[in-house]
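S.K.: Structure for this input, please:
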Amino acid sequence: MKNTEFQDTLAHTQLGANAEKLGGWDNAMTVANGIEDGDIKTVREAVKDYPQSHELVERVVTVSAKYR
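M.R.: Prediction:
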């Protein structure tokens, strides 16, 4: 399993603050790591059971990409 510790990034901050929408901390950090790594497969897999998180994740991806 990939490291699920907090890192100082936009994705980690935003998704950590909204971890309940992603089923908890570990999954939120998995999604954040996927965003930071550009691993869309991991992100899609991790959010598939949490439709309430889709808009949030899309916004984090968009903003993260804009400021890279």
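
S.K.: what about the closest residue to Tyr67 other than its chain neighbours, distance to Ser53?
M.R.: Nearest residue to Tyr67 in three dimensions, chain neighbours excluded: Leu10, at 7.3 Å (CB to CB, 6 or more residues apart in numbering). Where C-beta positions appear, they are placed from N, C-alpha and C, glycine not excepted. Leu10 sits 16 Å away from Ser53 when distances are taken as CB to CB, to the nearest Å.

S.K.: Who has more neighbours out of the two?
M.R.: In this view Leu10 and Ser53 are compared by other CB atoms under 10 Å, and Ser53 has more residues nearby, 23 against 16.

S.K.: ok, the more buried one touching Ala19?
M.R.: No: with contact taken as CB atoms under 8 Å, Ser53 and Ala19 are classed as non-touching, separated by 9.6 Å.

S.K.: Which pLDDT value belongs to Lys2?
M.R.: Lys2 is assigned a pLDDT of 61 by the prediction.

S.K.: next one: the one 5 residues further on
M.R.: Reading off the confidence values, Gln7 has pLDDT 82.

S.K.: returning to that earlier point: please name the residues that touch the residue nearest to Tyr67.
M.R.: For Leu10, the contact set (CB atoms under 8 Å, 6 or more residues apart in numbering) comprises 60, 63-64, 67.

S.K.: now do Val47
M.R.: By CB under 8 Å, 6+ apart, the contact list for Val47 reads 22, 31, 53-54, 57.
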